[in-house]
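>>> Got a predicted structure plus its sequence, pasted below:
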Amino acid sequence: MHGDMKAARPKLGFVGAGRAGSALAVGLRDAGYEVSAISSREPHDADELAARFGARSVSTPEGVVAAADLTLLTVPDTQIGVVAASLVASEVELRDRAVVHCSARQSARELRSLALAGAEVGVLHPLQSLAGPDSAVNLRGSRFRVEAEEPLRTVLHRMVEDLGGAPIEVPAEALDLYHAAAVLAGNAPIALLARASRLLEQAGVAPADAWQGLAALMQGAAANARASAAAESLTGPVARGDADAVARHLEALAGDPQLQELYRTLVRDMATVVEPRDPAAAARIRSVVEPHASPRVRRPRVA
């Protein structure tokens, strides 16, 4: 990487102009970075994003690398190695350039062929739900998984700080746990929202009102979570220890055993969150969701 890149913002390129790539490109452009070139499997997406910045839309990944100091690969996981191999085969000059992928699951080893060819390589993964250019605002306050050797590591840390985020590091052997956590927090709530919306529709609420009303409720819960720890963020009947309400909910869900069991499981987890702050409330809730639970018997230790 050019020596002056450690002091100045690198000129960026993007291979991939989908939901995550376009959000990152907008966020970094707004943070003061020049986006010089963009390519995509869908040329229209690259053209549209490039026009937004006055960047060049190019037809190949090597065209992006040739125009940028630092290229971000915002492509599907299965394509990272394919793009890396194509860049090496293209004989584009890789020395004094950096190539970074944005996958949650893959380590920088996916780019080892580029490293052998002289590029600096790394990972920059935003721990955030990105759904296109308008979601770039979500990047502020986010954590970003960073993996790179110096001097690229320092450059990526500065990019994260310029985006209003904070860097984190995850060992390579724990990446599947990291990704599973991201799916549970970032994707599972959407499936839960869809389930809850159908319940609200059954209660007589119009579909659009059900979805938007519960989405606003979810947004409020997320805002609470960003401001406080779990026990202080949780609201509702479990936080109050209102066992009667929980019992009535279980009765109301009796017609859908799968959803009833999902509700029971989630309430158990909520009781675990409440327990350190209010053990009595947690116990009242467990008496409803675990009516047949046997008391734990402390067995004598065998010497």
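Perfect, thanks for sending it. This structure is a prediction, so every number in the text was calculated from the model and none was measured.

>>> beta partners of residue 123?
Counting by DSSP bridges, residue 123 forms beta bridges with residue 101, residue 147.

>>> List the contacts of it.
Contacts for residue 123 (C-beta atoms under 8 Å, 6 or more residues apart in numbering) come out as 100, 101, 102, 103, 106, 107, 108, 145, 146, 147, 148. Placement of C-beta: from N, CA and C, glycine included.

>>> which one of those residues is nearest residue 230?
Of all those, residue 230 sits closest to residue 145, with 21.9 Å by C-beta to C-beta.

>>> does the closest one sit in a helix or strand, and which one?
Counting by DSSP states H and E, the element that carries residue 145 is strand 143-148.

>>> OK, contacts around the closest residue to residue 163 other than its chain neighbours?
Counting by C-beta to C-beta, 6 or more residues apart in numbering, residue 139 is the residue found nearest to residue 163 once chain neighbours are left out, at 4.9 Å. By C-beta under 8 Å, 6+ apart, the contact list for residue 139 reads 23, 24, 27, 126, 128, 130, 163, 164, 165.

>>> picking that back up, would you indicate which residues of the strand holding residue 145 are buried?
Buried residues in strand 143-148, counting neighbours by 16 or more other C-beta atoms under 10 Å, are found at 144, 145, 146, 147, 148.

>>> before we move on, what about stretch 216-226?
Going by 16+ other C-beta under 10 Å, stretch 216-226 has no buried residues at all.

>>> Same question for stretch 199-214.
Result for stretch 199-214 [16+ other C-beta under 10 Å]: buried residues 199, 200, 210, 211, 214.

>>> Could you dump the residues you listed into CSV with pLDDT added?
Shown next, in CSV, are the buried residues of stretch 199-214 (pLDDT from 0 to 100):
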residue, pLDDT
199, 95
200, 96
210, 96
211, 97
214, 96
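
>>> which two in these are spaced the farthest apart?
199 and 211 (11.8 Å).

>>> And the strands in the chain?
For the chain, the strands defined by DSSP state E occupy 12-15, 35-39, 56-57, 70-73, 98-101, 120-126, 143-148, 166-168.

>>> can you list the contacts of residue 123 in TSV and add distance to residue 42?
Listed next are the contacts of residue 123 as TSV, based on distance: C-beta to C-beta, whole Å:
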residue	distance to residue 42
100	21
101	19
102	17
103	19
106	22
107	27
108	27
145	26
146	28
147	28
148	29
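
>>> follow-up on the earlier one: what is the nearest of the buried residues of strand 143-148 to residue 11?
Nearest to residue 11 among the buried residues of strand 143-148, with distances taken as C-beta to C-beta, is residue 148, at 17.6 Å.

>>> In this protein, where is pLDDT below threshold?
1-7, 291-303 (pLDDT under 70).

>>> any idea which helix is longest in it?
Using DSSP state H to define each element, the chain has its longest helix at helix 207-227.

>>> Check which helices and strands that one sits against.
For helix 207-227, the contact count by 3 or more C-beta pairs under 8 Å, 6 or more residues apart in numbering; DSSP states H and E identifies helix 188-202, helix 230-233 as packing neighbours.

>>> circling back: among the contacts of residue 139, name the buried ones.
Using 16+ other C-beta under 10 Å as the burial test, the contacts of residue 139 include 23, 24, 27, 126, 128, 130, 163, 165 as buried.

>>> Over to the fifth one: give its phi and psi.
With angles defined as degrees, to the nearest 10, residue 128 shows backbone torsions of phi -160, psi 150.

>>> Please report the separation between the first and final residues of stretch 145-157.
Length of stretch 145-157, first residue to last, C-alpha to C-alpha, to the nearest Å: 10 Å.

>>> and what of stretch 141-150?
Terminal-residue distance, stretch 141-150 (C-alpha to C-alpha): 24 Å.

>>> ok, the closest residue to residue 104 other than its chain neighbours - how many residues close by?
Using C-beta to C-beta, 6+ apart and skipping the chain neighbours, the partner closest in space to residue 104 is residue 179 (4.5 Å). Other residues near residue 179 come to 18 when the count uses other C-beta atoms under 10 Å.

>>> isn't residue 179 right up against residue 125?
No - shown here, residue 179 and residue 125 do not form a contact pair, counting by C-beta atoms under 8 Å, at 9.3 Å.

>>> Mind listing the shared neighbours of these two?
residue 104.

>>> Distance check, residue 38 against residue 257.
Going from residue 38 to residue 257 by C-beta to C-beta, to the nearest Å gives 49 Å.

>>> which of these two has more neighbours?
Taking other C-beta under 10 Å, residue 38 and residue 257 do not tie; residue 38 has more neighbours (32 against 9).
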